[in-house]
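*Asks:* below: sequence and its predicted model.
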Amino acid sequence: MSNLLEPEQKKRPGEPRDWNETARHLKSALAVIVSLAVLVGGGLFAYNKIGGAVAGAFVAEDYPGPGEADVEVDIPQGSTLDEIGSILVDADVIQSTRAFNEAVRETPNANSLQAGTYTLKTKMPAREALQAMLDAGIKGGKRFLIREGLRLSEQVAELSKQTGIPEEAYNEALKNPDAYGLPVMAKGNPEGFLFPDTYEMAGNDPNNALKQMTANFTRKANEIQLEARAAELNRDPMEIVVVASIIEAEVRRPEDRAKVARVIYNRLEGKPPMKLQMDTTVEYAVNKPRGTGATTSDAERANPSPYNTYVHEGLPPGPIAAPGKAALEAAANPEEGSWKYFVAINLDTGETAFADTFDQHQANVRKFQQWCQQNPGKC
């Protein structure tokens, strides 16, 4: 027999209960229950403390209002709601973009917010700022559309017609480029830098319109990386805008824009360089009215204006019209090719023929002349 005791003695049937052992089990169970209670209670306490801190961290920072000093805020054309929130934060109208985003989610018509210039207050609650902008856009807003290819004088006439602000007021405002944010590359000349688009403004200050248009130009220039592309082409950014303005005036079909850009650069970079000889630059030089013919006269082409590319080599000193984004993109990204000439051979469709040599070009010119003979009054 083994002289070792069994590790656990089992109670035989009928044997009396060992109350000391039972008490020990009860005390152990009670200790476990108490430990759990302390643990759960402490956890709840910690959860409440931590949860409160976490919730506080996610509460959007927002000004209590009602607002302090008046401030004008410009919302560029094409701005997203996220971008608008950032603009309002930068102007200290609202405290955080998170508060603005919450206001947007809770406002059913937030997506109807328009680009424009708004008079708000600093340190406004985000919901009140958003509603003030929506109200301004609904009450008394002036919507205007400026199409591509207009000269500055034509843009001013359209602005006056559509906003009810006299042309004289716009022309006076244009004399102060800093007031409406004319890009530095413009060198003080707003021609070509009032971006064509649809806008909405409030009030009767012409700068409210001009600021939106120059801001939109800067936005589009950044989108196409105009300055970087200009450097790659060994051109000044202003030269890209000038080329784009010629493209806007010369080209009707989208597929021809980058080809015309290449013709211009090939002429400028030829050995020796060639004069551009663009009729549209002559029309600008002599301020020829629209719709008075597709060609220019010998007398017009002899005009000494620096914008006349029949007389002067190189590009004109500035844009001849306001280019849209597609023309800017084409000027910044010319198509590869050896063309040095182009001519529209169908003014109804805008069909354009390109040529490498003068003889090829002359053959295309005869096609244009033939079209003009078949369509009297259109050339």
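*Replies:* Done, it's in.

*Asks:* packing partners of the host helix or strand of Ala299?
*Replies:* According to DSSP states H and E, Ala299 maps onto helix 298-301. Where contact means 3 or more C-beta pairs under 8 Å, 6 or more residues apart in numbering; DSSP states H and E, helix 298-301 is packed against helix 279-285. The C-beta positions use only the backbone N, C-alpha and C, and glycine is treated the same way.

*Asks:* list the helices and strands the helix it packs on packs on?
*Replies:* With contacts taken as 3+ C-beta pairs under 8 Å, 6+ apart, helix 279-285 sits against helix 237-250, helix 298-301.

*Asks:* give me the contacts around it.
*Replies:* 151, 246, 249-250, 288, 294-296, 300-301, 303, 305-310, 316, 320-321 (C-beta atoms under 8 Å, 6 or more residues apart in numbering).

*Asks:* among those residues, the buried ones, what's the PyMOL command?
*Replies:* One line in PyMOL is enough to select the buried ones among the contacts of helix 279-285; burial here means 16 or more other C-beta atoms under 10 Å:
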select buried, resi 151+246+249+250+288+296+300+301+305+307+308+309+310+316+320+321
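
*Asks:* could you dump the helices and strands packed on helix 279-285 to TSV with distance to Asn375 and mean pLDDT?
*Replies:* TSV is the format used below for these (distance: least, C-beta to C-beta, whole Å; pLDDT from 0 to 100):
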stretch	distance to Asn375	mean pLDDT
helix 237-250	19	97
helix 298-301	22	93
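
*Asks:* rewinding a little: what does the helix holding Ala299 rub up against?
*Replies:* With contact meaning C-beta under 8 Å, 6+ apart, helix 298-301 is reached by Val282, Glu283, Ala285, Val286, Lys288, Asn308, Tyr310, Val311.

*Asks:* any chance of the helices and strands packed on helix 279-285 in TSV, with distance to Gly377 too?
*Replies:* Below are the helices and strands packed on helix 279-285 laid out as TSV (distance: least, C-beta to C-beta, whole Å):
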stretch	distance to Gly377
helix 237-250	21
helix 298-301	20
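
*Asks:* what about these, which gets the closest to Leu210?
*Replies:* Checking those against Leu210 by C-beta to C-beta gives helix 237-250 as the closest, at 17.0 Å.

*Asks:* if we can go back for a sec, mind checking which of the contacts of helix 279-285 are in strands?
*Replies:* Assigned to strands by DSSP state E, none of the contacts of helix 279-285 qualify.

*Asks:* please, which helix or strand holds Val260?
*Replies:* Counting by DSSP H and E, Val260 is found in helix 257-268.

*Asks:* now that helix against helix 237-250, angle please.
*Replies:* Counting by axes from the mean of the first three to the mean of the last three C-alpha atoms, to 10 degrees, helix 257-268 lies at 120 degrees to helix 237-250.

*Asks:* what are the buried residues along helix 257-268?
*Replies:* Buried residues in helix 257-268, defined by neighbour count with 16+ other C-beta under 10 Å: Arg257, Ala258, Lys259, Val260, Ala261, Arg262, Val263, Ile264, Tyr265, Asn266, Arg267, Leu268.

*Asks:* can you list these in a markdown table and add distance to Gln373?
*Replies:* Output for these, formatted as a markdown table (distance: C-beta to C-beta, whole Å):
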| residue | distance to Gln373 |
| --- | --- |
| Arg257 | 28 |
| Ala258 | 31 |
| Lys259 | 26 |
| Val260 | 25 |
| Ala261 | 31 |
| Arg262 | 30 |
| Val263 | 26 |
| Ile264 | 29 |
| Tyr265 | 33 |
| Asn266 | 30 |
| Arg267 | 29 |
| Leu268 | 33 |
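
*Asks:* alright, I will stop here.
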